[in-house]
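Participant: could you look at this predicted model? Sequence included:
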Amino acid sequence: MRFCFPDWESRHGDQDALAQAWLASQEFAARGPDGLATECVLCGTQARLKLHGDPASPDFREGLVCTGCGLNTRLRASLKLLREQLARWQPAPAPLPDLLARLGLRPRLPRVYVTEQATATFVWMQRHLQAELHGGEFEPDWRRRRGLTHALRRMGGRGRVVFRDLTALDFADASLDGVASFDVLEHVPDYQAAIGEMYRVLRPGGACVATFPFTDQPTTLVRARLAADGGIEHLEPPEYHGDPISGGILCYYHFGWDVLDRFREAGFSQACMAMPYSLEHGLPYGMWTLMAIR
């Protein structure tokens, strides 16, 4: 099951179903899902979930981890949506696949940019996503990127970590089939420029799948902004999130439903907040994920 709404008003037109999903998820936590067997949407087999933290105040988004793939619920939900979108770009099976392979001919895989690289999530995507995958980290120092490359390979990943700036990407116009951003956009002061770049590099029909702190309120909360002198003006108590480079990075925004307007203003033909929901597959209430189609 999936909830999907294009705006705040339509989200409130389905209050009863959302309330039932929330209540069922609270009961799910009360049963103690530590070690609960479920069919993981990524593993595709029976796996076990581990709920970290206080069961009385469950953090389903970050704290409910599949012991099979090692990913939390936020990532499992968003990667499920990404795979569904990329399936539209998968080529039909070749009639003579063995012959084509001997000739060195292979069908084109969908091209996907991920706004991270030195992470376990990127390694999982390299291993399991049927795509030509491109990553990057916002780290201009080549020495630190070399260290991140070593970290990537220790996790079992491939390739060399490269520098990429989400507000000025090095991809050609309309050259990608997908963009995936998992809790990165809130750290970009000029996030609207980042949205514009994601639109620019996607082909018509290409998909952006993104997670970020989401308030489920009409408007975005601006926690901090860049001042005229180049410094940072804090409008809320500073909030830092973990990242593979610095160990803590400032959060500028908690996004509301108006973020969908920013995607549509950038040119995306469709934008919605989706919530995959299935307790049988370890996806409780609350996994809001942005989906936008160019």
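Facilitator: In hand now; what should we look at?
Participant: tell me the secondary structure at residue 257.
Facilitator: coil (DSSP: H, G, I helix; E, B strand; the rest coil).
Participant: once you drop chain neighbours, what's closest to it?
Facilitator: residue 8 (4.0 Å; CB to CB, 6 or more residues apart in numbering). Quick note: C-beta positions are derived from backbone N, CA and C, even for glycine.
Participant: what about the one you found, neighbour count?
Facilitator: Residue 8: 16 surrounding residues under other CB atoms under 10 Å.
Participant: spit out the contact partners of it.
Facilitator: By CB atoms under 8 Å, 6 or more residues apart in numbering, the residues touching residue 8 are 217, 218, 256, 257, 258.
Participant: low-confidence ranges in the stretch 101-250 of the chain?
Facilitator: 101-106, 243-247 (pLDDT under 70).
Participant: buried residues, the longest helix seen in the chain. List them.
Facilitator: The residue-count maximum for a helix in the chain (DSSP state H) belongs to helix 15-30. By neighbour count on 16 or more other CB atoms under 10 Å, the buried set for helix 15-30 is 18, 21, 25, 28, 29.
Participant: list the contacts for residue 205?
Facilitator: For residue 205, counting by CB under 8 Å, 6+ apart, the contacting residues are 88, 293, 294.
Participant: mind doing that once more with 7 Å?
Facilitator: By CB atoms under 7 Å, 6 or more residues apart in numbering, the contact set of residue 205 is 293, 294.
Participant: A helix includes it, no?
Facilitator: No. Per three-state DSSP, residue 205 lies outside any helix segment and is strand.
Participant: against residue 250, how distant is it?
Facilitator: Separation of residue 205 from residue 250 (CB to CB, to the nearest Å) stands at 35 Å.
Participant: the helices in the protein, which residues?
Facilitator: Using DSSP H, helices in the chain cover 8-11, 15-30, 60-63, 73-86, 97-102, 120-128, 142-154, 191-201, 259-266.
Participant: give the buried residues for the last one.
Facilitator: Spelled out, it's helix 259-266. 259, 260, 262, 263, 266.
Participant: same deal with the first one?
Facilitator: The neighbour-count check on helix 8-11 (16+ other CB under 10 Å) flags 8, 11 as buried.
Participant: which residues touch the longest helix of the chain?
Facilitator: 3, 51, 55, 58, 60, 277, 279, 284, 285.
Participant: where does the first one land on pLDDT?
Facilitator: This points to residue 3. Per-residue pLDDT puts residue 3 at 95.
Participant: beta partners of it?
Facilitator: Beta-bridge pairing for residue 3 (DSSP bridges): residue 275.
Participant: residues in contact with the most centrally placed residue in the chain?
Facilitator: Taking CA atoms, centre = their mean, the centroid of the chain lies closest to residue 182, which sits 3.2 Å from it. Neighbouring residues of residue 182 by CB under 7 Å, 6+ apart: 75, 78, 116, 121, 211.
Participant: now with 8 Å?
Facilitator: Per CB under 8 Å, 6+ apart, neighbours of residue 182: 74, 75, 78, 114, 115, 116, 121, 210, 211.
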